[in-house]
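Visitor: just a sequence and a predicted model for now, questions to come.
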2 protein chains.
Amino acid sequence: MKALIPYKKQNAKSRLSPALSLREREHFVELMLRDVVGSLRKAGVNSIDVLTTPSNGVPSDLGVNILLSEHDLNEAINQYLESVSEPVLIIMADLPMVLPRHISEIVAVEKDLVIVPGKGGGTNVLFIRNPGSFHVRYYDSSFLNHCRIAEEMRQSVHVYDSFLLSTDIDEPHDLIEVMLHGHGLSKAYVDSKFGMEGNGRSRARLELLQ
Amino acid sequence: MKALIPYKKQNAKSRLSPALSLREREHFVELMLRDVVGSLRKAGVNSIDVLTTPSNGVPSDLGVNILLSEHDLNEAINQYLESVSEPVLIIMADLPMVLPRHISEIVAVEKDLVIVPGKGGGTNVLFIRNPGSFHVRYYDSSFLNHCRIAEEMRQSVHVYDSFLLSTDIDEPHDLIEVMLHGHGLSKAYVDSKFGMEGNGRSRARLELLQ
């Protein structure tokens, strides 16, 4: 199997701007990517493709395959799915709370498709056993899109239930979840910025996120 | 084991008022309670206590024990914990997406305490194997409170990871999750109000929730 991580660094995560500057956000998305790659590796996934645009630098020490595309996300991923013949796990780069056990459990499900919903109707992880019999449609209630496409393509579906994987980091209040339930580089970074040491200043910063 | 459900009907869920009137909210909280009780029963939990205040009517056909208390939530629950000697599952009444399998999995965990976090630092479900060796402290980052109390009382802890159980229904956008991922009476009610039939009017109502 292969893992595919769509990734955007440049001017990423603008909705986090009340909490983090442009430079901080660009640093943080890289740390989140590193945490996602780390959990994939610990779960034994070694073939990792990062899909990005020509202007978006993926750090060279990450040891992943870099795929450049100018197409929009859906078009780029669907071209990818047409080109591979083994199962594909598509995981978003803003899921730093993913654990190796999530990956192991998802790929062990005996269904054609595993969907991990995100808050608000999104799709945070997709495990596609038969990439020739599925295509993606992210944005606009993608959870429903993917359920409908699976039905049309007669692919059996399992919905994987995880709070940690439902939480993509988009807005300041999501950083609270990273502090409380995260791990790795992302948690260390958020702790360093909004630390939970319990003093008045940290408490005030924490409240700013809510 | 026993289950304890704190419940408030009167003027409940005021943050849902942009989407539902007072009367609708009071009806909806009762439907959510029924779904929670239904999932507990399907998981084989028959001793169910609903903790409420004298003015809050629990429907009499629900077949649960009704405990009335004028104390605040923490005080009332802690008095309850002092009075029982068997394991207690405390589950909030606004978790209509709970499934029987969640209950079965939670009570099967071989730890002293199982905490199911809610979004934003809350505690949505607590399974307390030794009620004499624990007390609750809801409100204000209760997840951290409960982790700390467990540590002080030398109780081992498992954090149970579930998107469906992390989603307590507080705000209009939470109703989207009930539509997409819920079941039972709550989902039927939300569907009837904000239906997903795909016509323009429903779509507009759905967008209102976001």
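Guide: Everything's here; your move. Numbers count the residues shown, from 1 in each chain, chains lettered A, B, ... in the order given.
Visitor: double-check that A:L126 belongs to a strand.
Guide: Yes. Under DSSP: H, G, I helix; E, B strand; the rest coil, A:L126 sits within a strand.
Visitor: any idea which helix or strand comes after the longest helix anywhere in chain A?
Guide: As assigned by DSSP state H, the longest helix anywhere in chain A is helix A:22-42. The C-terminal neighbour of helix A:22-42 among helices and strands, as given by DSSP states H and E, is strand A:48-52.
Visitor: how about the secondary structure of A:P117?
Guide: Here A:P117 is recorded as strand under three-state DSSP.
Visitor: is it bridged to anything, and to what?
Guide: A:T123 (DSSP bridges).
Visitor: my guess is it contacts B:H181. True?
Guide: Yes. Counting by CB atoms under 8 Å, A:P117 touches B:H181, with 6.6 Å between them. Where C-beta positions appear, they are placed from N, C-alpha and C, glycine not excepted.
Visitor: who has more neighbours out of those two?
Guide: Between A:P117 and B:H181, A:P117 has the larger neighbour count (other CB atoms under 10 Å in any protein chain shown), namely 26 against 18.
Visitor: list the contacts of that one.
Guide: A:P117 makes contact with A:T123, A:N124, A:F143, A:V159, A:S166, B:F163, B:L180, B:H181 under the criterion CB atoms under 8 Å, 6 or more residues apart in numbering or on different chains.
Visitor: for chain A, what are the low-confidence residue spans?
Guide: A:196-210 (pLDDT under 70).
Visitor: where do the strands sit along it?
Guide: Taking DSSP state E as the criterion, chain A carries its strands at A:2-6, A:48-52, A:65-68, A:88-91, A:113-118, A:122-128, A:157-159.
Visitor: now do the second one against strand A:2-6, angle only.
Guide: What that stands for is strand A:48-52. 20 degrees (axes from the mean of the first three to the mean of the last three CA atoms, to 10 degrees).
Visitor: strand A:48-52 pairs with which strands?
Guide: Within its sheet, strand A:48-52 is paired with strand A:2-6 (parallel), strand A:65-68 (parallel), according to DSSP bridges.
Visitor: so which of the ones you listed gets nearest A:L175?
Guide: Among the strands paired with strand A:48-52, strand A:2-6 comes nearest to A:L175, with 20.6 Å by CB to CB.
Visitor: what's in contact with the closest one?
Guide: A:33, A:36-37, A:40, A:45, A:47-52, A:64, A:73, A:76-77, A:80, A:84, A:86-93.
Visitor: restricted to buried residues, select these in ChimeraX.
Guide: The ChimeraX command for the buried members of the contacts of strand A:2-6 (criterion: 16 or more other CB atoms under 10 Å in any protein chain shown) is given here:
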select /A:33,36,37,40,45,48,49,50,51,52,64,76,77,80,84,88,89,90,91,92,93
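Visitor: how about the residues of chain A near chain B?
Guide: Residues of chain A that fall close to chain B, judged by CB under 8 Å from any CB of the partner chain: A:117, A:119-121, A:143-144, A:159, A:161-166, A:173, A:176-177, A:180-181, A:210.
Visitor: selecting buried members of those in PyMOL, what would you type?
Guide: Restricted to buried positions by 16+ other CB under 10 Å, the PyMOL selection for those reads:
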select buried, chain A and resi 117+119+120+121+143+144+159+161+162+163+164+165+166+176+177+180+181
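Visitor: of the residues of chain A next to chain B, which belong to helices?
Guide: A:F143, A:L144, A:F163, A:L164, A:L165, A:S166, A:H173, A:I176, A:E177, A:L180, A:H181.
Visitor: okay, those in TSV with distance to B:Y138 next?
Guide: Below are those laid out as TSV (distance: CB to CB, whole Å):
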residue	distance to B:Y138
A:F143	31
A:L144	34
A:F163	18
A:L164	22
A:L165	26
A:S166	23
A:H173	19
A:I176	17
A:E177	19
A:L180	16
A:H181	18
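Visitor: spatially central residue in chain A, please.
Guide: Nearest to the geometric centre of chain A sits A:M92, at 2.1 Å (CA atoms, centre = their mean).
Visitor: was I right about it contacting A:D168?
Guide: Yes. With contact defined as CB under 8 Å, A:M92 reaches A:D168; the gap is 5.9 Å.
Visitor: mutual contacts of these two, please.
Guide: With CB under 8 Å, 6+ apart, A:M92 and A:D168 have common neighbours A:G118, A:N124.
Visitor: who are the packing partners of the longest helix of chain A?
Guide: Judged by 3 or more CB pairs under 8 Å, 6 or more residues apart in numbering or on different chains; DSSP states H and E, the packing partners of helix A:22-42 are strand A:2-6, strand A:48-52, strand A:88-91, helix A:100-108, helix A:184-194.
Visitor: from the contacts of A:P117, pick the one nearest B:P18.
Guide: B:L180 (19.2 Å).
Visitor: surely that closest one is in contact with A:N145?
Guide: No. B:L180 is not in contact with A:N145 according to CB under 8 Å; the separation is 11.8 Å.
Visitor: returning to that earlier point: export the contacts of A:P117 to TSV and append columns for distance to A:G195.
Guide: Output for these, formatted as TSV (distance: CB to CB, whole Å):
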residue	distance to A:G195
A:T123	33
A:N124	27
A:F143	34
A:V159	36
A:S166	25
B:F163	27
B:L180	35
B:H181	34
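Visitor: pull the residues that contact stretch A:127-139.
Guide: Under the criterion CB under 8 Å, 6+ apart, residues A:73-74, A:77-78, A:81-82, A:84-90, A:106-107, A:109, A:111-114, A:123, A:126, A:142, A:145-146, A:149-150, A:153-155 lie in contact with stretch A:127-139.
Visitor: switch to 6 Å and redo it
Guide: Stretch A:127-139 has contacts (CB atoms under 6 Å, 6 or more residues apart in numbering or on different chains) with A:73-74, A:77-78, A:81, A:84, A:87-89, A:106, A:112-114, A:145, A:153, A:155.
Visitor: go on, stretch A:147-155?
Guide: A:D112, A:L113, A:S133, A:F134, A:V157.
Visitor: can you flag the buried ones in those residues?
Guide: A:D112, A:L113, A:F134.
Visitor: what is the burial count for A:S85?
Guide: A:S85 has 9 nearby residues by other CB under 10 Å.
Visitor: where's it relative to chain B, distance?
Guide: 31 Å (CB to the nearest CB, to the nearest Å).
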